[in-house]
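> What shape does this take:
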Amino acid sequence: MLLSKPVIVRFCFSITLLLGLIQPVQADIERSGDIIHLLLPAATLSATALYEPNYQGSWQLVKSVGVSRLSVEALKFGIDKTRPNGSDDDSFPSGHTADTFATATFIQQRYGWKWAIPAYAAASFVGYTRINSSQHYVEDVLAGAAIGILSAWYFTEPYQGIKITPIATGQYYGVNINYAF
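All right, here's what the predicted structure looks like:
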């Protein structure tokens, strides 16, 4: 019996969360955040590639995370902010947080809140681990999250259904609602 695509996607995502979240029992908090930071985008890319035959979603995820990461690295290069633990001057912004929030926002924009809530929980946990391990200050993590979210909002279109995008200009604020059918 063949498994349906939604079952495969759920399995990939569940394994990612399980492997990442059991790490605090076996290792320290920082390492568990590092693992989720790598597994969440990898599992999302794999599941998207399996679920969508035309790879459009995979390409949108790659653009979202790629632009987010390039933005983070440019800011790290231009802003010398020492980490709380004093190890180097690459504290601002958090790349781990940017990557995971870009992935979580991609999931939300592409597939909806049903899939996004666990992804946002995992991304928030990664942000917590970066602060807890003295790798970043709170503002570093918040800036990384904002960069990741904005990048995914820009590059991601819904697979099916409704896409809600906030709009802010100098003259007005609002929400853009698109329905794909």
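
> now the strands for this structure?
161-168, 173-180 (DSSP state E).

> isn't residue 153 right up against residue 105?
Yes - using CB atoms under 8 Å, residue 153 is in contact with residue 105, at 6.3 Å. Placement of C-beta: from N, CA and C, glycine included.

> The two - which one has more neighbours?
Just comparing residue 153 and residue 105: by other CB atoms under 10 Å the higher neighbour count belongs to residue 105, 26 against 18.

> dump the residue contacts of that one.
Neighbouring residues of residue 105 by CB atoms under 8 Å, 6 or more residues apart in numbering: 64, 116, 148-149, 151-153, 156.

> now for those residues, which pair is the farthest apart?
116 and 151 (15.4 Å; CB to CB).

> ok, these two, which is more surrounded?
A side-by-side neighbour count of residue 116 and residue 151, using other CB under 10 Å, places residue 151 first with 26 against 19.

> Could you list the low-pLDDT ranges of the chain?
In the predicted model, the chain carries pLDDT under 70 at residues 1-27, 160-167, 175-181.

> which residue sits closest to residue 151, ignoring its sequence neighbours?
Excluding its sequence neighbours, the residue lying closest to residue 151 (CB to CB, 6 or more residues apart in numbering) is residue 68, at 3.9 Å.

> can you check residue 76 too?
Excluding its sequence neighbours, the residue lying closest to residue 76 (CB to CB, 6+ apart) is residue 90, at 4.7 Å.

> who does the one you found bridge with?
Residue 90 has these beta-bridge partners by DSSP bridges: residue 81.

> Next up, the contacts around it.
76, 81, 83.

> ok, the nearest residue to residue 145 once chain neighbours are set aside - contacts?
Nearest residue to residue 145, sequence neighbours excluded (CB to CB, 6+ apart): residue 101, at 4.4 Å. With contacts defined as CB under 8 Å, 6+ apart, residue 101 is in contact with 120, 123, 127, 144-149, 152.
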